[in-house]
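**Q** need coordinates for the following:
(one chain, ligands or ions: 1)
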Amino acid sequence: MRDRNHISRKSTKRGNKYNQGQRQKSQDILKLSKKQKAVTSAPVKVGDTVLVSIHGIGSSGEGVGRVEDFTVFVPFALPNETVKVTITTVKKTYATGKLLEVITAADNRIAPNCELYGVCGGCQLQHITYEGQLSLKTQKVKDVIERIGHQNPDLVKPALGPKNPWAYRNKMQMPVGGTRETIRMGFYAMGSHDIVHGTNCPIQMDGNNQIAQACYEIAEELGIEPYGEHTGKGVLRHIIGRIGQSGYMVIFVTATDYLPDQDQWIERLTKRVPSVETIVHNVNRKRTNVILGPTNHVLYGDGTITDHIKDLRFTLSPHSFFQVNPEQTTVLYDQALMYANLKGHETVIDAYCGTGTISLFLAREVKYVIGIEIVEPAIIDARENARRNGYENTEFIVADAAVEMPKLYKAGVRPDVIVFDPIRAGCKEEVLTSAAGMEPKRIVYVSCNPATMARDIEILTHYGYELKEVQPVDMFPMTAHVETVVLMSRVRD
Ligand SMILES: C[S@@+](CC[C@H](N)C(=O)[O-])C[C@H]1O[C@@H](n2cnc3c(N)ncnc32)[C@H](O)[C@@H]1O
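**A** Next up is the predicted model:
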């Protein structure tokens, strides 16, 4: 068996040259900005009203401009605009401004669709045409590929969007607050946990808006006590709606062991929204930002709904992770499958596999799939989903990928293809080095955070892999988020 020290540290010639050139450029910029920092102080102070020319876009969709070479972030401003702002915060290296007036508007600026836009924290890009959103997302991925990954940005293809960028979310998580007399349900305000009241969200599927409105009416009728995040007292914390092809799931999250007027809730909700297939009461007594607690009581139905990705059938329970945009999930997984370029004889590792959705997508095309996932209930679902869909050529392991990947490498497992789909933090280095040590022909990296993805791509280029292509997929229209699929190939000696 090869020792980890023998893992090839070769990059391609093109990759090397490009990397070195980019790294030198970044170091020069860093030196320059250190010098500048030493001699300049902020040219603005809180409360100043200034004109800012916007030239770029930040990671949260905010406009980025300059006042005398000093960076100013302006939410809701767009590249190629001149805007009037009030400075709200000033830090050592940047300031933030509140948009007062658009002096010169960008060609792709439009009026937002939702009356809560700008107050609610859910969307950041409704003021841009959808084509404009796609090109901003493409540019965002290009920027990190070049700046963080030190790779050629021309490898990034234009982002793929859906036919309809509205009404796509199959999952809604509504915080509940206010008082028994004035219940508030809806969305967290931008940058805070204040609740903006609203039960009709244009990026939610219609079923979720029906659930939101019905639950708000019933909460008022029954006078339920909302949970107070600051006091830790009260009952109802969140209402979750999930839309499946079989029907809807509603989850009531309470801070108490009981849901008052439980029978009334069930009767009134199922009458008003007949597509509700199951209702679950989840108990979360902890003072935490995590929405679901560990305990579920099934109040109606069997506690699950069913969804499909193409002809694959998935059973979802309250804790199961499932992609929120079904139309674009197919686009994302098809792209991953295309990059995997399978012929039927391969063994594939699907690291960070969740409920095994990508694993099962691959299973019909290969000899064997090994899925690795840290959350045990997700693996239980994955095994069940594999059984129901008739895929016996799958194995699902509950483990931390950072422990399991080195273990599989030492045990001599040598997959032909490895798929990564990690959380926002990306992969730990030991996951990447042991993956490279297994010498798969191709690595397909699916990511919801372009910055950590670019970091991991660069690491893999030092271990014998070359970046081939980067495909952003817009899973979250109207928001600043973008999903990306990447193909890396092993460089032959
Ligand atoms: C972005 S999701 C991807 C899920 C799946 N591929 C899908 O498309 O539905 C990332 C998954 O990684 C899991 N995860 C987080 N940390 C992990 C770790 N250290 N080792 C293995 N899995 C982990 C999460 O529980 C989650 O299911």
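
**Q** adjacent strands (with direction) for the longest strand seen in the chain?
**A** The single longest strand within the chain, with elements called by DSSP state E, is strand 94-104. Partners of strand 94-104 in the sheet, by DSSP bridges, are strand 70-74 (parallel), strand 82-90 (antiparallel).

**Q** between the ones you listed, which gets nearest to Gly177?
**A** Shortest distance between Gly177 and the strands paired with strand 94-104, using CB to CB, is found for strand 82-90: 25.0 Å. C-beta: built from backbone N, CA, C; applies to glycine.

**Q** mind listing what's buried along that closest one?
**A** Neighbour-count burial for strand 82-90 flags 82-85, 87, 90 (criterion: 16 or more other CB atoms under 10 Å).

**Q** same check, this time on stretch 235-255
**A** Residues of stretch 235-255 classed as buried under the neighbour-count rule (16+ other CB under 10 Å) are 235-244, 246-255.

**Q** next one: stretch 459-471
**A** For stretch 459-471, by 16+ other CB under 10 Å, it's 459-467, 470-471.

**Q** what's the closest of these to the ligand?
**A** Taking CB to the nearest ligand atom as the measure, the ligand sits nearest to Gln471 out of those, at 15.4 Å.

**Q** is the closest one in a helix, a strand, or coil?
**A** Here Gln471 is strand, with the state taken from DSSP: H, G, I helix; E, B strand; the rest coil.

**Q** verify the stated contact: it with Lys157.
**A** Yes - between Gln471 and Lys157 there is a contact under CB atoms under 8 Å: 5.0 Å.

**Q** still on that earlier bit, among the buried residues of stretch 235-255, which ones lie close to the ligand?
**A** Among these, no residue is within reach of the ligand (CB under 6 Å from any ligand atom).

**Q** show only the entries of those residues found in strands.
**A** Counting by DSSP E, the buried residues of stretch 235-255 place 236-243, 248-254 in strands.

**Q** right, and Asp381 touches Cys353 too?
**A** No - in this structure, Asp381 is not within contact of Cys353 by CB under 8 Å, at 10.5 Å.

**Q** burial of whatever residue of the stretch 301-450 of the chain ends up closest to the ligand, as a residue count?
**A** Across the stretch 301-450 of the chain, no residue is closer to the ligand than Gly354, which sits at 2.8 Å (CB to the nearest ligand atom). Counted with other CB atoms under 10 Å, the neighbours of Gly354 add up to 21.

**Q** what of the one 3 residues further on?
**A** Using other CB under 10 Å, the number of residues around Thr357 comes to 26.

**Q** same question, Lys98
**A** By the criterion of other CB under 10 Å, Lys98 has 13 neighbours.

**Q** re earlier: got the phi and psi for the nearest residue to the residue of the stretch 301-450 of the chain closest to the ligand once chain neighbours are set aside?
**A** In this structure, Gly354 finds its nearest non-sequential neighbour in Phe321, 4.5 Å apart by CB to CB, 6 or more residues apart in numbering. In terms of degrees, to the nearest 10, the main-chain angles of Phe321 are phi -80, psi 130.

**Q** tell me the contacts of Phe321?
**A** Shown in contact with Phe321 (CB atoms under 8 Å, 6 or more residues apart in numbering): 354-355, 375, 378.

**Q** so which residues of the stretch 101-250 of the chain form helices?
**A** For the stretch 101-250 of the chain, applying DSSP state H, counting those that start in this stretch gives helices covering 130-147, 206-222.

**Q** so which of those is nearest the ligand?
**A** helix 130-147 (16.9 Å).

**Q** would you mark the buried spots in that closest one?
**A** By neighbour count with 16+ other CB under 10 Å, helix 130-147 contains the buried residues 130, 132-134, 136-147.

**Q** so how far is Gly247 from Tyr207?
**A** Let me fix one detail, which is that residue 207 is Gly and not Tyr. Separation of Gly207 from Gly247 (CB to CB, to the nearest Å): 9 Å.

**Q** identify the contacts common to the two.
**A** Ser275.

**Q** ok, now how distant is Ile54 from Ile87?
**A** Ile54 sits at a distance of 15 Å from Ile87 (criterion: CB to CB).

**Q** try Ile305
**A** Using CB to CB, Ile305 is found at 48 Å from Ile87.

**Q** can you tell me which two in the ones in strands among the buried residues of stretch 235-255 are farthest apart?
**A** Across those, the longest distance by CB to CB is 22.2 Å; it joins Ile243 and Thr254.

**Q** check which helix or strand covers Ser348.
**A** Slight slip there: residue 348 is Val, not Ser. Taking DSSP states H and E as the definition, Val348 sits inside strand 347-351.

**Q** send me that strand as CSV with only the CA atoms.
**A** The C-alpha atoms that make up strand 347-351 are tabulated as CSV, following Å, rounded to 0.1, in the frame of the first residue of the first chain:
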residue,chain,number,x,y,z
THR,A,347,-16.6,2.0,-7.8
VAL,A,348,-17.5,5.5,-6.6
ILE,A,349,-17.3,7.1,-3.2
ASP,A,350,-20.0,9.7,-2.4
ALA,A,351,-18.6,11.6,0.6
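
**Q** which strands and helices sit next to the helix or strand just after that strand?
**A** Sequence-wise, the next helix or strand downstream of strand 347-351 (DSSP H and E) is helix 357-363. With contacts defined as 3 or more CB pairs under 8 Å, 6 or more residues apart in numbering; DSSP states H and E, helix 357-363 has these neighbours: strand 312-316, helix 326-340, strand 347-351, strand 368-373, helix 376-388, strand 394-398.
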